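Peer 1: Here is the input, now give the coordinates:
(2 chains)
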Amino acid sequence: MAAPLVLEAQGLGKAYRLYRSPLARALEAATLGRVRGHAEHWALRDVDLALPRGAALGLCGANGAGKSTLLKLLAGTTAPSAGRYRVAGRVASLLELGSGFHKDFTGVENVEMLGVLAGHARRDVRRRLPAILEFAELGDAVHDPVRTYSTGMGLRLGFAAALGFEPEVLILDEVFAVGDAYFQKRCVDRLLELRGAGCTVLFCSHGLYDLRQLCDEALWLDSGAVRARGDVVEVTNAYAAWQRERVLSRADGAERPADWPRLTRLALRRADGAPLERARSGDDLELVVEWEDPRAARAGLHVGVTFTRQDQTLCAAAGTQLDGRPALVGARGRAVLELPRLALLSGSFDVRVHLFDAAGLFRFEERSLDAPLVVEAGTAEVGLVRLAHRWRVDATREAAA
Amino acid sequence: MPRPAPRPGASPADACAAPWIHATPPGALALAARMLRWPAVLLARRDLLATLLRRDLEARVRGTALSWLWLLAQPLLLFAVYAFLFTAVLGLRVGGDGLPSATLAVSMFTGTLVWSSLAEALTRSATCLTERGHLLRCLRFPAELLPLEAALASCVTLALGALVYLACAALFGLWPLPSAALLALAPLLLLLQLVFSAGLGLLVASVNVLWRDTAPFLTAALTVWMFATPVFWIASPEVLPSVAPWMPWIEANPATALVEAWRHVLMGGEPALVHPRALGESLARLASWSAAAFALGSLVFFRLQRHLADEV
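Peer 2: Prediction:
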């Protein structure tokens, strides 16, 4: 039984018009558009959405990918150039930091203004004001002009005001960029609480961790078009991998020479050779790495493996050079990294294989496994890894002297 | 947690209960519908309009020692200057010795009061959207209320100025108070002025977002318009024989109707020499101009509205 749709978009697109000069615009208007004075820049093309009540959709993508444009369209501050959309219910949006604040007025006056701008009655605004001010945690500063606020204070007030009027649809554009961890935690808690009450959330962030925490579905925009859409972990992993490739390809610059060695096959499986779906902490695994080297006469190669958690924490690494093994020599070959009793706890880890030269310095290639290694702890343990450990306990009933 | 459907095209039972918003610009029907929705918007958003107005007036006096009293002190100072200058210093007279000595001072003061209110509405409307670009880009709200608020604020300053004038005229015995019947017309006149300046305000506000030349052009145009309007002179060939060939143009000027109607109401229609046209005629002209200006301004605003947030 599907929940009713709160937000729908079909073929939604936005083109910004760039006029060469005010005269070009005047000419276009005077000829009723027969003389075209503008160039079009399509910031967003052909987006379809259908979000039921209580869904949370995260947007990721590089700068200029169209994330903010999509959010602005759905928040209703800009008109679509193609397609159509509809949103049911009270929409609250936080699109730019300090959005709508009048710098000379106090925090309280600004919240009141934002409330009536959003269409609430003054009586309603006054009723909700104490809760909003309490959430913003500004103390007596709420009676000072907003121009005296720090960036973080402005963010807190804006966030409190956006969330304070029980929105049915909440649209947030990269609002966690500032604000300390304590406030972020409270925002996340409040967002989850709102979602629990049926609020639909649209949210864009460069912090993939935030997306995974808050959303169950993600949309990856690339140059204004939908590149991928689906489960938030899958999409953000694909996006993160694409970003790393982009960084690398920029670093590598030119094409790879044809005689460089390359990785031909990577496979992570159980130690008994069975395929791996989801691993549990303590499982025995092995990673198979096969390579080819067109110049077999080379001094040799080293293979390195890194395990990186979603939030880009490097958790562990292993390498033939690190372990003091001789360089691998040959026109093709296979190295198997045995991973007995996997120490990693729950999480999704990017497993990346690096192919180095004999000195272990120059990197010919690096490649991630197609799918991340997803580990379930199977216990209540928390943390990154399970340290090898045991307990020794001494206790006595007698009080200390 | 419910999962979103993979593609749109859900069954009608699941469909979103809101009208589609399309990419096509509004047609004639949509524009007409928005015109008809004006009263509903005003009713639903009266709190926004009231808050905007209050903040606007408050911002003008914020940080001053006299605070709200400045809204009364400004017309008071202006009135003192006019009374002193035209009666005591210059001693100018119109139409011979039969008229009270304060005639010129009072008619110029009332003319200035009305004109500055109209000019204030228009200059502030012209920049009311461009100054609030941030707000327009971030929040969805009926932006048509911004020029309307500017017009409303100008009517408030005019009403306060008129009260100051009436109080001074009565206290100092400078000019007899108009009859209650005439004063009862003041709210109607204020409403007509509000509609007129809001209409022109909607026009210049939206056009100035797309063509920033509008605001500076308006400043120049207002100067010309002021001298073309009987603010500092009387539009009657009996008083000023040189205006005779221009009379059709002067009478076609909506600001003439506005200034003369106010002058008639505030000065009680006396002496006849400074009120060359009947009050009814001025009101009728003003009403037609107001309706036309409001219709034109609203249509242009609603037509350009979808581009505003992208251009501010």
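Peer 1: List the contacts of the host helix or strand of A:Leu155.
Peer 2: Using DSSP states H and E, A:Leu155 sits within helix A:151-163. For helix A:151-163, the external contacting residues (Cβ atoms under 8 Å, 6 or more residues apart in numbering or on different chains) are A:92-94, A:97-99, A:101, A:107, A:110-111, A:114-115, A:132-133, A:135-138, A:141-142, A:146, A:149, A:170, A:172, A:175, A:178-180, A:183, A:187, A:190-191, A:194. Every residue, glycine included, has its C-beta placed from N, CA and C.
Peer 1: where does chain A dip in pLDDT?
Peer 2: A:1-2, A:97-99, A:176-179, A:247-255, A:297, A:401 (pLDDT under 70).
Peer 1: Point to the residue nearest the middle of it.
Peer 2: A:Leu208 (2.1 Å; Cα atoms, centre = their mean).
Peer 1: Excluding chain neighbours, give the residue nearest to that residue in space.
Peer 2: A:Thr236 (4.4 Å; Cβ to Cβ, 6 or more residues apart in numbering or on different chains).
Peer 1: hang on, that neighbour packs against A:Cys60?
Peer 2: Yes: here A:Thr236 lies in contact with A:Cys60, judged by Cβ atoms under 8 Å, at a distance of 6.0 Å.
Peer 1: Just give me the neighbour total for the closest residue to chain A within the stretch 151-300 of chain B.
Peer 2: Closest contact between the stretch 151-300 of chain B and chain A, by Cβ to the nearest Cβ, is at B:Trp211 (6.0 Å). Here the count is done by other Cβ atoms under 10 Å in any protein chain shown, and B:Trp211 has 15 residues near it.
Peer 1: Name the nearest residue to it, sequence neighbours excluded.
Peer 2: Nearest non-adjacent residue to B:Trp211 (Cβ to Cβ, 6+ apart): A:Pro22, at 6.0 Å.
Peer 1: That neighbour and B:Ala65, how far apart?
Peer 2: Taking Cβ to Cβ, to the nearest Å as the measure, A:Pro22 falls 43 Å from B:Ala65.
Peer 1: center of chain B - which residue?
Peer 2: Note: chain B centre (Cα atoms, centre = their mean) maps to B:Ser197, 3.4 Å.
Peer 1: counting contacts, what elements does the strand or helix carrying that residue pack onto?
Peer 2: Element membership of B:Ser197, judged by DSSP H and E, is helix B:186-210. Applying 3 or more Cβ pairs under 8 Å, 6 or more residues apart in numbering or on different chains; DSSP states H and E, we find helix B:186-210 packed against helix B:103-128, helix B:145-172, helix B:214-228, helix B:254-267, helix B:279-311.
Peer 1: Give me the residues contacting the fourth one.
Peer 2: Under the criterion Cβ under 8 Å, 6+ apart, residues B:106-107, B:110-111, B:113-115, B:118, B:162, B:165-166, B:175, B:178, B:182-183, B:185-186, B:189, B:192-193, B:196, B:225, B:228-231, B:235, B:250, B:274-277, B:279, B:281-283, B:285-286, B:289, B:293 lie in contact with helix B:254-267.
Peer 1: which regions of chain B lie under the pLDDT threshold?
Peer 2: B:1-15, B:92-98.
Peer 1: What are the buried residues along stretch B:76-91?
Peer 2: Residues of stretch B:76-91 classed as buried by neighbour count (16 or more other Cβ atoms under 10 Å in any protein chain shown): B:76, B:78-79, B:82-83, B:86-87.
Peer 1: just stretch B:159-167 next, same as before
Peer 2: So for stretch B:159-167, counting by 16+ other Cβ under 10 Å, buried means B:160-162, B:164-166.
Peer 1: same deal with stretch B:16-29?
Peer 2: Under 16+ other Cβ under 10 Å, the buried positions of stretch B:16-29 are B:16, B:21, B:23, B:26.
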